[in-house]
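Asks: Here is my input, please return the structure:
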Amino acid sequence: MRQPTYALLLLLASGCAFAQEPPATAAPEQRAEQQVSTSDDPDAAESATKIPLDEIRRYVWVYNAVKEAYVDPVDDKKLMDSAVRGLLLDLDPHSAYLPKRDARAFDEQTQGAYTGVGVELMTLPDRTLKVVSPIDDTPAARAGIQANDIIIAIDGKSVSDRDVEESADDDDADGNTAPLRGPPGTKVVLTIVRESKPKPFDVTLTRERIRVTSVRSRALEPGYGYIRLATFQADTAADFSRALDTLEASGKLRGLVIDLRSNPGGLLTAAVQIADELLDKGKIVSTRGRVALSDAEFSATPGDRLNGAPVVVLVDAGSASASEVLAGALRDNGRARVVGSRTFGKGSVQTLLPLDNGDSVKLTTARYYTPSGKSIQALGIQPDVVLRPAKGAVNGGKAGYSEATLPGHLRGDEEIAGDNAGEVLDGDAPIASALAELKKNVAMAPKPAAEPAPKKN
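Replies: From the prediction side, this is the model:
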């Protein structure tokens with residue numbers, strides 16, 4: 001497999017803001033340790049980096065006016081921080097300025113452990129917080145927090161009024177300062193708006209050490225395996241391989257269901273490694289941008305762990321970014337059928353540019369493309385077999401959001417209208433449908449001629 005020259009970090013789903021709890025959500029990330037050149041062409045690079053003097057003069061004039069004439073004194077650092085953030089405001093919703101505490105959140109979340117309540121969030125234009133999904137077996141999930149819940153206040157303070165830099169430079173003993181984070185055992189009160197409720201209500205959660213188990217597996221029936229991927233972390237690919245070992249210990253697998261519902265993404269490399277585990281050849285994913293560093297291509301190495309046994313990938317509206325990479329790679333290579341609802345449609349790559357003060361700039365630098373050359377940005381993946389929410393499902397129904405509904409989203413080659421967003425599919429009924437589709441594929445599949453070749457390390 002050809003590896004790019006940069007280190008790929010956390011995928012963020014749905015433009016979540018890390019002023020809250022670190023999400024494991026929705027786009028391929030890479031960290032740029034050196035200055036990014038905007039072009040290989042010296043003339044183009046010189047043109048692109050020319051300083052717009054008239055605009056700089058205008059900025060200095062406004063800066064001086066604020067410093068000298070504003071009714072109250074204004075701190076220089078706060079003014080400069082606001083100016084830097086302003087450079088990113090009119091870009092897509094996944095480009096942002098990240099305080100240094102959020103870089104720690106990246107590292108913690110990538111390792112699958114942090115202190116909080118276990119909920120993945122997306123910041124809306126009015127700065128309220130939409131729940132992407134609660135993480136399995138966490139305080140949020142146990143308290144009944146649901147996908148699409150809107151958090152309007154934390155500990156009685158409106159999230160719209162909360163300063164995103166609040167306490168950023170005043171860490172507590174555990175280094176946890178974001179509103180939903182704090183020492184284990186402490187409580188936080190969320191005020192929630194839910195579509196099915198007539199008025200807002202409060203939920204009290206107790207923070208704890210969240211250890212996200214990204215991989216769960218079980219046998220659906222003899223010979224039919226099921227692997228649930230909740231997110232893509234540093235150890236997810238290795239855990240996926242171990243899950244296959246466990247499933248195969250009781251007998252050869254005739255087919256496998258991979259459940260990516262409400263999986264907001266994570267590490268691109270984890271998704272690539274899992275795809276490689278199931279592909280004998282072919283392209284997995286490619287990325288393309290204006291900077292040469294942003295161009296990369298991943299291809300499978302010889303050897304299919306399941307030796308061609310049929311695979312069904314289960315998705316829904318909460319499946320984003322790395323989830324879409326995996327689903328697209330397996331389907332475009334003819335290795336799996338995709339079952340469920342249209343996915344979120346996050347097909348952009350973000351680069352982390354570290355600053356000398358420990359903060360970072362997260363900048364969208366590329367789009368990614370499935371093996372067929374298709375961008376899913378603001379489009380998503382339409383399943384081969386479309387499922388509808390089961391009657392009585394707690395969270396089932398229209399997701400109410402997708403990449404295409406985000407204000408200022410990066411334009412896609414093709415786009416869906418916002419009201420065509422996918423649906424949330426919860427419960428066991430979609431798994432039963434995926435198993436039925438898997439059995440049909442098993443019945444039609446040719447019998448393998450030989451044992452699978454081992455993967456080359």
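
Asks: Which residues are in contact with Val285?
Replies: Taking C-beta atoms under 8 Å, 6 or more residues apart in numbering as the criterion, Val285 is in contact with 268, 271-272, 275, 297-298, 325, 328-329, 368-371. Where you see a C-beta, it was placed from the backbone N, CA and C, and this is true even at glycine.

Asks: would a markdown table of these with neighbour count, pLDDT and secondary structure be doable?
Replies: As requested, those are arranged in a markdown table below (neighbours: other C-beta atoms under 10 Å; pLDDT from 0 to 100; DSSP: H, G, I helix; E, B strand; the rest coil):
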| residue | neighbour count | pLDDT | secondary structure |
| --- | --- | --- | --- |
| Leu268 | 29 | 90 | helix |
| Ala271 | 31 | 97 | helix |
| Val272 | 25 | 98 | helix |
| Ala275 | 27 | 99 | helix |
| Glu297 | 16 | 97 | strand |
| Phe298 | 25 | 98 | strand |
| Val325 | 31 | 98 | helix |
| Gly328 | 26 | 98 | helix |
| Ala329 | 28 | 99 | helix |
| Tyr368 | 27 | 92 | strand |
| Tyr369 | 22 | 97 | strand |
| Thr370 | 23 | 98 | coil |
| Pro371 | 23 | 98 | coil |
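
Asks: Go through those residues and name the one nearest Val203.
Replies: Taking C-beta to C-beta as the measure, Val203 lies nearest Ala271 of those, at 32.4 Å.

Asks: tell me the contacts of the closest one?
Replies: When the contact criterion is C-beta under 8 Å, 6+ apart, the partners of Ala271 are Phe232, Val285, Ala322, Ser323, Val325, Leu326, Ala329.

Asks: Inside strands: which ones of the residues you listed?
Replies: The subset of the contacts of Ala271 located in strands under the criterion DSSP state E comprises Val285.

Asks: Pick the one among the contacts of Ala271 closest to Leu256.
Replies: Taking C-beta to C-beta as the measure, Leu256 sits nearest to Leu326 out of the contacts of Ala271, at 12.8 Å.

Asks: Count residues in the vicinity of the closest one, would you?
Replies: Counted with other C-beta atoms under 10 Å, residues neighbouring Leu326 total 30.

Asks: Pretty sure it sits against Asp276.
Replies: No: under the contact definition of C-beta atoms under 8 Å, Leu326 does not touch Asp276, with a separation of 10.4 Å.

Asks: circling back to that earlier point, let's have the contacts of Ala271 in a markdown table, adding distance to Asp72.
Replies: Compiled in a markdown table, the contacts of Ala271 are given as follows (distance: C-beta to C-beta, whole Å):
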| residue | distance to Asp72 |
| --- | --- |
| Phe232 | 47 |
| Val285 | 51 |
| Ala322 | 46 |
| Ser323 | 48 |
| Val325 | 49 |
| Leu326 | 52 |
| Ala329 | 55 |
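
Asks: and of the contacts of Ala271, the nearest to Gly86?
Replies: Comparing every one of the contacts of Ala271 with Gly86 (C-beta to C-beta), the shortest separation belongs to Ala322, at 30.4 Å.

Asks: Contacts only, for Gly282.
Replies: Listed by C-beta under 8 Å, 6+ apart, the contact partners of Gly282 are Ser299, Ala300, Asp332, Asn333, Pro371.

Asks: And the furthest pair within the residues you listed?
Replies: Using C-beta to C-beta, these reach their maximum pairwise distance at Ser299 and Asp332, which is 12.5 Å.

Asks: any idea where the helices of the stretch 101-250 of the chain begin and end?
Replies: 139-142, 236-249 (DSSP state H, counting those that start in this stretch).

Asks: which of the ones you listed has the lowest average pLDDT?
Replies: Taking the mean pLDDT of each of these, the lowest value is held by helix 139-142, a mean of 93.

Asks: In PDB, list the C-alpha atoms belonging to that one.
Replies: Presented in PDB, the C-alpha positions along helix 139-142 are these (Å, rounded to 0.1, in the frame of the first residue of the first chain):
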ATOM      1  CA  PRO A 139     -23.300   8.500  30.800                       C
ATOM      2  CA  ALA A 140     -25.000  10.200  27.900                       C
ATOM      3  CA  ALA A 141     -26.200   6.900  26.400                       C
ATOM      4  CA  ARG A 142     -27.400   5.600  29.800                       C
END
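
Asks: Would you map the strands across the stretch 101-250 of the chain?
Replies: If DSSP state E, counting those that start in this stretch is used as the criterion, the strands of the stretch 101-250 of the chain fall at 113-116, 119-123, 129-134, 150-154, 157-158, 187-193, 201-206, 208-211, 215-221, 224-229.

Asks: Which of those strands sits closest to Asp102?
Replies: Ranked by C-beta to C-beta, the member of those that lies closest to Asp102 is strand 113-116, at 11.8 Å.

Asks: The closest one pairs with which strands, and in what direction?
Replies: Paired neighbours of strand 113-116 in the sheet (DSSP bridges): strand 208-211 (antiparallel).

Asks: and the partner strand, how far out from the chain's middle?
Replies: Centre-to-centre, strand 208-211 and its host chain are 19 Å apart (C-alpha atoms, centre = their mean, to the nearest Å).

Asks: what stretches of the chain score poorly on pLDDT?
Replies: Across the chain, the ranges flagged by pLDDT under 70 are 1-49, 103-112, 125, 162-179, 392-400, 417-420, 447-457.

Asks: can you list the domain ranges for it.
Replies: Following automatic domain parsing, the chain resolves into domains at 113-211, 215-444.

Asks: before we move on, back to that, got the contacts of Val285 as TSV, with distance to Arg411 columns?
Replies: TSV is the format used below for those (distance: C-beta to C-beta, whole Å):
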residue	distance to Arg411
Leu268	22
Ala271	24
Val272	26
Ala275	27
Glu297	23
Phe298	24
Val325	20
Gly328	19
Ala329	23
Tyr368	15
Tyr369	15
Thr370	18
Pro371	22
